[in-house]
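1. Next comes the sequence, and after it the predicted model I'd like to discuss.
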Amino acid sequence: ITSFKAKDGIIEGDEISTGESSLLLQFDNGVVVKIMPKSTVLVAKTGTVFDLEEGGILSRVPETAAVSGYKVRTPDSIIAVKGTEFGVHYENGKTKVVVTKGIVLVEHLPSGTEYEVPEINETEVNEQKKTGPLSEESKSVMKGFSELTYTEGIDSKSEEELAELGERLKASDVKKSSGRMTLAEFREKYGRLDEIILYNGK
């Protein structure tokens, strides 16, 4: 087991496991990848193909890099892009895909079903091809990632600059809520909300 430090490189065949913190990777082709906390990812091809075994991975792929066949694979799905920003989460045998920019092509391996997920939509990958608008949680996760931009000349950054980048990465992780739902989250989970009557009459 090796701990990653700023400026460390990865190579094909590396397996990355994150604990309570996320990991931000950037590649010479302009691709930026964030591996979410409590995730396991195998680097199948450096900078272009990642196997997500558990947890989440967020990707920003310039159109120039998409030509090289950028993919995220899970045990039951393959997600391919043509220049986009998207997230993939795999948990309990299910793959969820969230797209904030561009279009991704998903393939559900058990059924052989392929379909596109358009911008500002998400899907649980299966044979039903159902997509829908982003949830509030997905918007929050992707907003934090969108604010992390490609950093030129990372090898020449000082310790202070790297520490600042680390703080930005930490701040981009979504904090778990206290358990109380916002009105928007309540509506999204339970549908239309017409009236609430409290016991004290207010």
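-> In hand now; what should we look at?
2. can you pull out the helices in this protein?
-> 63-66, 136-146, 159-172, 183-190 (DSSP state H).
3. could those go into JSON lines alongside mean pLDDT and mean neighbour count?
-> C-beta: built from backbone N, CA, C; applies to glycine. Formatted as JSON lines, those follow (pLDDT from 0 to 100; neighbours: other C-beta atoms under 10 Å):
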{"stretch": "helix 63-66", "mean pLDDT": "72", "mean neighbour count": "16"}
{"stretch": "helix 136-146", "mean pLDDT": "89", "mean neighbour count": "18"}
{"stretch": "helix 159-172", "mean pLDDT": "78", "mean neighbour count": "13"}
{"stretch": "helix 183-190", "mean pLDDT": "58", "mean neighbour count": "12"}
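4. Which residue is the nearest non-sequential neighbour of residue 34?
-> Spatial nearest neighbour of residue 34, excluding adjacent residues (C-beta to C-beta, 6 or more residues apart in numbering): residue 58 at 4.3 Å.
5. ok, now how distant is the one you found from residue 89?
-> 9 Å (C-beta to C-beta, to the nearest Å).
6. Touching both of the two, which residues are there?
-> Counting by C-beta atoms under 8 Å, 6 or more residues apart in numbering, the common neighbours of residue 58 and residue 89 are residue 36.
7. can you list the weak-confidence ranges in the chain?
-> By pLDDT under 70, the weakly predicted segments of the chain are 1-7, 65-67, 174-202.
8. Scan it for its longest strand.
-> In the chain, taking DSSP state E as the definition, the longest strand is strand 49-61.
9. What residues of that one count as buried?
-> 49, 50, 51, 52, 53, 55, 56, 57, 58, 59, 60, 61 (16 or more other C-beta atoms under 10 Å).
10. which among these gets closest to residue 161?
-> Nearest to residue 161, judged by C-beta to C-beta, of these is residue 60 at 20.6 Å.
11. wait, isn't the closest one in contact with residue 29?
-> No - here residue 60 lies out of contact with residue 29, judged by C-beta atoms under 8 Å, at a distance of 11.3 Å.
12. Pull out the CA atoms of stretch 101-111 and give them to me as PDB.
-> The C-alpha trace of stretch 101-111 is given here as PDB (Å, rounded to 0.1, in the frame of the first residue of the first chain):
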ATOM      1  CA  LYS A 101     -22.100  18.900 -19.800                       C
ATOM      2  CA  GLY A 102     -22.200  17.100 -23.200                       C
ATOM      3  CA  ILE A 103     -23.700  13.600 -23.800                       C
ATOM      4  CA  VAL A 104     -22.500  10.200 -22.600                       C
ATOM      5  CA  LEU A 105     -23.200   6.800 -24.100                       C
ATOM      6  CA  VAL A 106     -24.000   4.100 -21.600                       C
ATOM      7  CA  GLU A 107     -24.100   0.400 -22.200                       C
ATOM      8  CA  HIS A 108     -25.800  -2.000 -19.700                       C
ATOM      9  CA  LEU A 109     -23.700  -5.100 -20.000                       C
ATOM     10  CA  PRO A 110     -26.100  -7.800 -18.700                       C
ATOM     11  CA  SER A 111     -28.900  -6.800 -21.200                       C
END
